[in-house]
Structure formats: C-alpha cells, structure tokens
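In: Build me a model:
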Amino acid sequence: MIFEETINGYLFSTDKKKLQFDIIHNYLANESYWVKDLPREILERSIENSECFGIYQGSSQVGFARVVTDYATFGYLGDVFVLEAHRGKGLSKKLMDFILKHPELQGFRRWMLLTRDAQGLYSQFGFIKFHAPDRCMELWYPDVYSSDPFKKSITAKENN
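Out: Next up, the predicted model:
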C-alpha cells in the first residue's frame, strides 16, 4: 500500500519507486554516526525488507526513515534523517506524525528505536527510555561494515 501526503510543500511517501538510493546511501554511509561505511548492497536489502518513508521537495529526496515490522505487533524505527539544508522546518516532527498514522502500522504493542541525540524529538511522540532494561538484551557489532571478514564476504559475493 502506498501512503502519501503533501505537507507544507513537501511530499511524504511510502512509494519505494521514489526512493533515491544515492542520496540515502551517501547520508547513511558517510554522514550518519550509526551505520558508517554501510555497503550499498546491505542498504538495498534493508530497504527491500522494511516499510520506507521518503520526504521529497519537488523531485529531490530530502529525508528518509524506515520501519522494520511484522505489521501486527511491533515496529522498529531506524535510519531517520533529514538533509542539513532542510532542517529547522519541522520535517522530523512531520515525518514522525506521518509514520505513526500509517494505516498499516496501527495497534502495535511495542515500537522501538535507538538514538544517541534525538530523545527530545521522540519523547514528543510518547517514546520513553526502555521501561525494563533488565529484560533487554542485544548482540551488538558496531564495526561490522568496516571489518575485514565482512568486506571479504561482500567481495566474494560480488565476484560470484
């Protein structure tokens, strides 16, 4: 289902055909702190398997987010950004509103996200620090995309 809305001259859309991979990849791999060195192949696979949200001004993509979900009980919000030239216009808040009112993302028992610096934004939408940190566990590989074994596995896949 494609969900779209124009807000203050910007198009918010879930249409994956509109996504501009070069812009998304450049921001995530080179400017974000959370997925430095992200290989394009990994980005493409993550987008293919997520509900994606783009923000557009005219024909240019200026923002992005994605939700990893089962469309029934859970959504993980990640890779949220608005390009520098478009910040300060409330687009992050409008993007959050747009995501949270998506018709197929209603009634979840839990939404999650990770952020180093945007707690103020997300708390406006009801996000709280994890209520039971003693129950939360993770496997964490922060340098996976820059590790030699990972790069070798990607190179081997490309050569086959």
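In: could you pull out the strands for the chain?
Out: Using DSSP state E, the strands of the chain run over residues 4-7, 10-13, 51-57, 60-69, 74-82, 110-113.
In: Sheet partners, orientation included, of the longest one?
Out: In the sheet, strand 60-69 lines up against strand 51-57 (antiparallel), strand 74-82 (antiparallel) (DSSP bridges).
In: nearest to Leu43, of those?
Out: When those are compared by CB to CB, strand 74-82 sits nearest Leu43, at 8.6 Å. Every residue, glycine included, has its C-beta placed from N, CA and C.
In: can you list contacts of that closest one?
Out: Residues from elsewhere that reach strand 74-82, judged by CB atoms under 8 Å, 6 or more residues apart in numbering: 24, 27-28, 31-32, 34-35, 46, 55, 62-69, 91-92, 95, 99, 105, 108-114, 118.
In: Tell me how many other residues surround Asp15.
Out: By other CB atoms under 10 Å, 14 other residues sit near Asp15.
In: right, and it touches Glu51 too?
Out: No. Using CB atoms under 8 Å as the test, Asp15 is too far from Glu51 to be in contact (11.4 Å).
In: Just give the closest residue to Trp111, not the sequence neighbours.
Out: The spatially closest residue to Trp111, leaving aside those adjacent along the chain, is Gly75, at 4.9 Å (CB to CB, 6 or more residues apart in numbering).
In: any idea how far the nearest residue to Arg110 once chain neighbours are set aside is from Gly107?
Out: In this structure, Arg110 finds its nearest non-sequential neighbour in Phe74, 5.3 Å apart by CB to CB, 6+ apart. Applying CB to CB, to the nearest Å, the value for Phe74 to Gly107 is 11 Å.
In: of those two, who's got more company?
Out: Set side by side, Phe74 and Gly107 show unequal neighbour counts under other CB under 10 Å, the larger going to Phe74 at 14 against 7.
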